[in-house]
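1. The sequence and its predicted three-dimensional model are supplied below.
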Amino acid sequence: QSSRLFHPEDTIITTPHSVIGGDQFVMMAGPCSVESATHVDQMAAVAKQGGATIVRGGAFKPRTSPYSFQGLGETGLQYLRAAADKHDLDMITEVMDDEHVAMVAKYTDIFQIGARNMQNFSLLKAVGQTQIPVALKRGMSATIDDVLNAAEYIAAGGNHQIMILERGIRTFDNKYTRNTFDLGAVPVLQSLTHYPVIVDPSHAVGTWELVTPMAMAGVAAGASGMIVEIHDQPTQALSDGPQALKPATYLKMAQQAFQLHDLM
Ligand code: PEP
Ligand code: MN
């Protein structure tokens, strides 16, 4: 059960290099997409330097257009796994299809369920049958109760290692922000559920200049961690370049985020 009523204590998720939930603050960083072995290795080194214990990277990409880069597939998982191992990090990657769950499970420490798949019930059931932690993204048009019910689908299968990611929702005005970062959802989710709540300021705002202020707002709202996209050459990125933080910007933001979390 995801409700605090039945389970008052915070769920703490442990992966080989990370403790997620409770008073901990976890940093996850990496490129939107795994682009090459060398690139993801370099970005993993940057992620680690900023205090991340988890490197992110998509190998199966849910792109709006079918003609956009779709990801490197299993090869991308191999590159991300190698980069994580080399830098003593955990990895998180998106699984898009229930038929891929067993294959992605061979590589990843954490499954990411993308916003577009939050109510893909066969996928939720499939990850619920594993014992691998799941980072469930709130859908762009999902209510708080919707995302909690989606979490319930995973838990119902026996997998209780779930974290909920707020990544912004669609509202009437997303001209200047890719989505609307629902900061209020962070303390609301924490009051309703024992699962860790993580913020994704990158997808919430879509523009790198807005990422640091909204990342800090997410920490101030009480998030147990964040996931952030980084890239050394954002204009060359194969996906989500405009919202990627360059290494120096990420390192500064991460330092400030840990400091702010310590104050709370
Ligand atoms: C991503 O993490 O790169 C991604 C596609 O996120 P979302 O599902 O939140 O759009
Ligand atoms: Mn992305």
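-> Received it, and whenever you're ready, just let me know what you need. Ligands and ions are numbered 1, 2, ... in the order given.
2. Tell me which helix or strand residue 93 sits in.
-> strand 90-94 (DSSP states H and E).
3. in the stretch 101-250 of the chain, what residue is nearest ligand 2?
-> As assessed by CB to the ion, ligand 2 sits closest to residue 240 within the stretch 101-250 of the chain, at 3.8 Å. From N, CA and C alone the C-beta is placed, and that goes for glycine too.
4. Look up the closest residue to that residue, ignoring the ones flanking it.
-> Nearest non-adjacent residue to residue 240, counting by CB to CB, 6 or more residues apart in numbering: residue 32, 3.7 Å away.
5. surely that neighbour meets residue 239?
-> Yes: contact criterion CB atoms under 8 Å: residue 32 and residue 239 qualify, at 4.5 Å.
6. shared neighbours of the two, anything?
-> Overlap of the contact sets of residue 32 and residue 239 (by CB atoms under 8 Å, 6 or more residues apart in numbering) consists of 58, 61.
7. Ligand 2 contacts on the stretch 151-264 of the chain?
-> residue 240 (CB under 5 Å from the ion).
8. What's the local residue count around whichever residue of the chain sits closest to ligand 1?
-> Closest approach between the chain and ligand 1, counting by CB to the nearest ligand atom: residue 114, at 3.1 Å. As a burial measure, residue 114 scores 22 neighbours (other CB atoms under 10 Å).
9. now swap in residue 35 and tell me
-> If we define neighbours as other CB under 10 Å, then residue 35 has 22 of them.
10. Relative to residue 64, how far out is the residue of the chain closest to ligand 1?
-> Applying CB to CB, to the nearest Å, the value for residue 114 to residue 64 is 12 Å.
11. looking at it, residue 55 is touching residue 86, isn't it?
-> No: between residue 55 and residue 86 there is no contact under CB under 8 Å: 10.0 Å.
12. so what's in contact with these two at the same time?
-> residue 44.
13. ok, these two, which is more surrounded?
-> Ranked by neighbour count (other CB under 10 Å), residue 55 and residue 86 place residue 55 first, with 31 against 12.
14. any idea whether the more buried one is helix, strand or coil?
-> Classification of residue 55 using DSSP: H, G, I helix; E, B strand; the rest coil returns strand.
15. Next, count neighbours for the closest residue to ligand 2 within the stretch 1-150 of the chain.
-> Relative to ligand 2, the nearest point of the stretch 1-150 of the chain is residue 32 (3.4 Å; CB to the ion). For residue 32, the neighbour count with other CB under 10 Å is 24.
16. I'd like the distance between residue 119 and residue 149.
-> 9 Å.
17. quick revisit: could I get the contacting residues of the residue of the chain closest to ligand 1?
-> By CB under 8 Å, 6+ apart, the contact set of residue 114 is 62, 94, 96, 137.
18. these two touch, right, the last one and residue 120?
-> No: applying CB under 8 Å as the test, residue 137 and residue 120 come out as separate, 11.5 Å apart.
19. Of these two, which one has the most company?
-> For residue 137 versus residue 120, neighbours defined as other CB under 10 Å are more numerous around residue 137 (26 against 18).
20. ok, now which ones touch the nearest residue to residue 156 once chain neighbours are set aside?
-> In this structure, residue 156 finds its nearest non-sequential neighbour in residue 128, 6.3 Å apart by CB to CB, 6+ apart. Listed by CB under 8 Å, 6+ apart, the contact set of residue 128 reads 134, 153, 154, 155, 156, 157, 158, 159.
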